[in-house]
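*Asks:* need a structure here:
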Amino acid sequence: MGMRARSLLGAAGVVCWAACGSTVTFVGGSEHSTGSGIGGGSGGSTNQSGTAATTPASSSSGSVTCSFGTADCDGIPANGCEQSTLDDPANCGGCNALCPSGPNGKAACAKGTCQLACDPGFGNCDGGDKNGCESLLDSDPKNCGGCNKSCAATCAGGLCLLQKPIAKGLNHPASIAVDSASVYWAELGSAPAFADGAIKQMPKDLSGAPATLVSKLQTPASLIIVSDTLYWTTEGSAAASYSDGTVQALKFGNPAPIVLATAQQLPTSVVVSNNTVYWTNAGSAPNYNDGAVMSLTMAPNAKPVTVIAGQLYPVRIAVQDNTIYWLSAGTAKMSYGDGSLWSLPIGKAPPAKQLTAQLKGALHFSADLGKYLFVSETLAAQVTQLVYDGSMKKPLYSTGKLLPYALTLGAGGIYNTAIPQNNGAGAIQRADFNGNVVTLYPTASNAYGIVNSKADIYWTEIGDLKKNMSDGVVMVAPQ
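*Replies:* Numbers count the residues shown, from 1 in each chain. From the prediction side, this is the model:
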């Protein structure tokens, strides 16, 4: 027997169908019908065991007796108890009992009690209806990801993210690299000469103090780690018009680095592939139209080779699937709105292939396992996605009022450092591959290099380059 039929069962067990063409007597859990049926069927006697009639029911006086959670709100006995009062916000707990809505939420009814159904990312954490879903769960440290979930650190994207410094009081830390045990970074040195740069190391478990591996470097940049060796460039000195740049390497355990190349014109980026070192020389001021892509095989008596010359301000380099990729920042004449991305298969003579053009302030890019390239267009405040062959280019996400710089790809998506357009704090931002971006961590000063390592991300905050202040830091936080 159905619930509605059971609710109609009285002590005597006699009810009248709405059409009053028959009566139903409930005897011992079965229904016995006499008279003509509603549908005009013939009279007689039918015994229906175990299932209630689905025809609407009313009392002999015309009123409807409804089961719990239902009501006859339209006053029409023919359709019986047509209205649920358990989940209808217009009839919550009774007919015409309207549930109120509120800011950032919609009216809802649950088990006959009014509630607010909050929009995604919001919560009604104070329990009041008048101010609606007042708590922003994505960023509220008192309600981080849910009501009353307190976060003593940074709440971003509904997650309580714990950032902490690895090292403080550093002399303009810039590029950064990690391996399984340690974090390494390059300190540019003191303004204005930047002749006291250094390469430093800190264990990931933060045991001990930072160790200086190499000192007295002239503006070290583009630090990477490959197996048991660190590689970096030094950009050279202003006094020599940056024509005294170098490429260097330090194998762990050795007391001093090896200088792989000297007299390089503002080397800005380095990468290693198949026992060969590749780097970009940005070129000469003021036009930077004499830049070059260089290479050096790791063999005795090998000398640097110019892969391609006459490049326009090349600033970043990568090697993927036996192909060299490099990023040109563009020209001051065009306000750096003419940046471009190029490729050249290893061993193939120029010309190179231009994958895309008209990048705005393109200073950094990262690769996604041979599928996509991601370019930070600093002056456009956006990160752009490209297919390796240049067949597709689209803005992936905007960084808002902040300007993106360095990129790294991690488990959570794309991470970028971001600097303020004028004054104020920078940030670490994360976006998924659909372009949904969230600001994870504010930074006290200009965030510069960034790298990921399994569950964590590491970045440098370079400090004030115009002052001889040791205010730089290296930070770590969960992805």
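*Asks:* Can you tell me the closest non-neighbouring residue to L170?
*Replies:* Closest residue in space to L170, ignoring its immediate chain neighbours: G472 at 3.9 Å, by CB to CB, 6 or more residues apart in numbering. For glycine as for every other residue, the C-beta is placed from the backbone atoms N, C-alpha and C.
*Asks:* Does that neighbour touch W459 like I think?
*Replies:* No. With contact defined as CB atoms under 8 Å, G472 does not count as touching W459 (11.2 Å).
*Asks:* between these two, which one's more packed in?
*Replies:* More crowded of G472 and W459, by other CB atoms under 10 Å: W459, with 29 against 26.
*Asks:* and the chain, what are its domains?
*Replies:* As assigned by automatic domain parsing, the chain contains the domains 3-73, 85-158, 162-478.
*Asks:* And those: which comes nearest N79?
*Replies:* domain 3-73 (5.4 Å; CB to CB).
*Asks:* quick one: low-confidence parts of this protein?
*Replies:* Along the chain, segments meeting pLDDT under 70 span 1-63, 368-370, 423, 465-469.
*Asks:* Which residues does L230 form beta bridges with?
*Replies:* Counting by DSSP bridges, L230 forms beta bridges with I225, L250.
*Asks:* mind listing what it touches?
*Replies:* A177, Y184, I199, L213, L223, I224, A249, L250, F252 (CB atoms under 8 Å, 6 or more residues apart in numbering).
*Asks:* Neighbour-wise, which one of those leads?
*Replies:* Taking other CB under 10 Å to define a neighbour, the member of these with the most is Y184, carrying 25 neighbours.
*Asks:* give the contact list for that one.
*Replies:* Going by CB under 8 Å, 6+ apart, Y184 touches I176, A177, V178, I199, K200, Q201, M202, L213, L223, I225, L230.
*Asks:* Now with 6 Å, please.
*Replies:* Contact partners of Y184, counting by CB atoms under 6 Å, 6 or more residues apart in numbering, are A177, Q201.
*Asks:* For P103, see how far away the one residue sitting closest to the centre of the chain is.
*Replies:* The residue lying closest to the centre of the chain (CA atoms, centre = their mean) is A431, at 2.7 Å. From A431 across to P103, the span is 28 Å (CB to CB, to the nearest Å).
*Asks:* OK, contacts around the closest residue in space to S101 that isn't next to it in sequence?
*Replies:* Excluding the flanking residues, the one nearest S101 by CB to CB, 6+ apart is A107, at 4.3 Å. Contacts here follow CB under 6 Å, 6+ apart; on that basis A107 touches P89, C99, S101.
*Asks:* any idea how far the second one is from P120?
*Replies:* Between C99 and P120 the computed distance is 20 Å (CB to CB).
*Asks:* So these two - more neighbours on which side?
*Replies:* C99 (21 against 8).
*Asks:* if I read this right, the more buried one contacts C114, doesn't it?
*Replies:* Yes. C99 lies in contact with C114 (CB atoms under 6 Å); the separation is 3.7 Å.
*Asks:* which residues do those two both contact?
*Replies:* C92.
*Asks:* Could you list everything A418 pairs with in the sheet?
*Replies:* P404, A427.
*Asks:* whoops, I176 was the one
*Replies:* Counting by DSSP bridges, I176 forms beta bridges with W185.
*Asks:* got the contact list for it?
*Replies:* Neighbouring residues of I176 by CB under 6 Å, 6+ apart: W185, G449, V451, Y458, T460.
*Asks:* Let's see that with 8 Å instead.
*Replies:* I176 touches V183, Y184, W185, A186, L223, G449, I450, V451, Y458, W459, T460, V474, counting by CB under 8 Å, 6+ apart.
*Asks:* Check which helix or strand the fifth one maps to.
*Replies:* Mapping L223 onto the secondary structure by DSSP states H and E places it in strand 220-226.
*Asks:* looking at it, L440 is touching A427, isn't it?
*Replies:* Yes. Counting by CB under 8 Å, L440 touches A427, with 7.4 Å between them.
*Asks:* in stretch 278-285, what's buried?
*Replies:* Using 16 or more other CB atoms under 10 Å as the test for burial, stretch 278-285 gives Y278, W279, T280, N281, A282, G283.
*Asks:* Same check on stretch 238-250?
*Replies:* For stretch 238-250, a neighbour-count test (16+ other CB under 10 Å) marks Y242, D244, G245, T246, V247, Q248, A249, L250 as buried.
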